[in-house]
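Colleague: Let me see the structure of the following:
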Amino acid sequence: MRRIIVSTLLLVCACACVATQRSNAATMTPLLSFGGGDGWLAPGEGGYTFLGTGNNERGLAYGNGHVYLVSRTGGTNVRILNPTTGADLGGLNVTGVSGGTFTLSAAGVGGDGAIYAANLTTQSTTTPFTVYKWATEASAPTVAYTGDGGLAASRAGDDLAVTGSGSGTRIAAGYNSTPNVAGNNGYSIIDPTAGTATAIAFAGTPPNAGDLRLGLTFVDATHVLGTAGSSLYRNTSYSGSTGTLINSPAIPDPSGATADRLLGYTTFGGMSILAIQSIGDSHVSIYDASNPAAPVYLASGLNVTGTPAANGNGTGQIAWGAITNNADGSVSRVLYAMSTNQGIQAFIVTVPEPATLSLVGLLSVCGLSVRRRIG
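Modeller: Residues are numbered from 1 along each chain as shown. Okay, here's the model as predicted:
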């Protein structure tokens, strides 16, 4: 029995050490081909009119090998951008897209390549919350959902998250703290196939009103992370219309997390990573989110030069892009981050190949050795 216990403890220690080594080796570097050669497509760069400082760009998504930028500059637009350079390749058909406080605000892409974008409503009973769907880039938009977002008189559309594909697609939209209606401390789950919206209700507080209104991301089909600031995020799950607050982890940002709001979760290369962007100085940090209840800081990046324009609304979106398997066994994924009025940044996030070591090698990593059999 003592042999089993000691061996188990040593193996756990060794695995923990290797996991720590791997997390510490994650890197985050600018995608230098993007924007002006520094990984930043700055507002108005090169005379580009669809990305400015007038609070008109709040939605960003990735899919089908392209980046999608929602812009209200010069009308209603969903621009298609080259993922490597940021060059504008044209726009989606927006025929019939109308209504709302903003006709379009936030966006997302399903696993099947379907593109979704929602309007912003400040009162969903009088001005319906509407989600549009483009089956392909060449398609005309259809209405995937329109209504009160599951909560009468609510504000919705400041953020949006999409998970799944086909009939399994689900869309989340956080409620704002205003108007002051019961239930606005939760979020809406939309089934675009059925055209329905369900308000996810939490018993008591936290979460507090509007706590999930600015940053929102799925971990999986039943777990959602959201924040509106306050140096933490809400780690939640839901079943039916009932939400559960699992915990509220502090964001361990060495630069300070008071303005860390925009969220984007992904899994690649055997790691679960949560990206969080500050709506202050625009820096982006990544965390090991293998346990979303206890994120571990990995790295930060900032491609913005000078002092960025203020993002007074705290809006924007994060989008994870293409995955590359590298020759050395590491895996990279492109990360796009847009804080409103502060342009779009592109990074390459790389996680190393998992270590392949013998038990003795694992133990040596921890500075341990087995010299004799324990009877």
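Colleague: Identify each buried residue in stretch 93-106, please.
Modeller: Counting neighbours by 16 or more other Cβ atoms under 10 Å, one finds that the buried residues in stretch 93-106 are 94, 97, 100, 102, 103, 104, 105, 106. Using the backbone N, CA and C atoms, a C-beta is placed for each residue, glycine as well.
Colleague: mind listing which of the residues you listed are in strands?
Modeller: Taking DSSP state E as the definition of strands, the buried residues of stretch 93-106 contribute 102, 103, 104, 105, 106.
Colleague: Helices of the chain, start to end?
Modeller: Secondary structure of the chain, counting by DSSP state H: helices at 2-24, 359-365.
Colleague: need the least confident one among the ones you listed, by mean pLDDT.
Modeller: Mean pLDDT is lowest for helix 359-365 out of these, coming in at a mean of 36.
Colleague: Okay, domains of this protein per the record?
Modeller: If you go by automatic domain parsing, the domain ranges for the chain are 1-18+356-375, 27-354.
Colleague: Out of those domains, indicate the one that is most buried.
Modeller: Scoring those by mean neighbour count under mean count of other Cβ atoms under 10 Å gives domain 27-354 as the most buried, with a mean of 20.
Colleague: Could you pull out the strands in the stretch 251-375 of the chain for me?
Modeller: Using DSSP state E, counting those that start in this stretch, the strands of the stretch 251-375 of the chain run over 260-268, 271-278, 284-288, 296-301, 316-325, 331-339, 344-351.
Colleague: can you redo the ones you listed as CSV with mean pLDDT and distance to residue 155?
Modeller: Shown next, in CSV, are the strands of the stretch 251-375 of the chain (pLDDT from 0 to 100; distance: least, Cβ to Cβ, whole Å):
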stretch, mean pLDDT, distance to residue 155
strand 260-268, 97, 16
strand 271-278, 98, 22
strand 284-288, 98, 27
strand 296-301, 97, 31
strand 316-325, 98, 17
strand 331-339, 98, 20
strand 344-351, 98, 25
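Colleague: closest to residue 116 out of these?
Modeller: strand 316-325 (12.2 Å; Cβ to Cβ).
Colleague: which residues of the stretch 51-200 of the chain score low on pLDDT?
Modeller: In the predicted model, the stretch 51-200 of the chain carries no residue with pLDDT under 70.
Colleague: What's opposite residue 265 in the beta bridge?
Modeller: For residue 265, the beta-bridge partners under DSSP bridges are residue 274.
Colleague: and it, what is it in contact with?
Modeller: Listed by Cβ atoms under 8 Å, 6 or more residues apart in numbering, the contact set of residue 265 reads 217, 218, 219, 225, 272, 273, 274, 275, 289, 292.
Colleague: now swap in residue 212 and tell me
Modeller: Residues in contact with residue 212 (Cβ under 8 Å, 6+ apart) are 159, 174, 175, 185, 186, 187, 224, 226, 227, 228, 234, 236.
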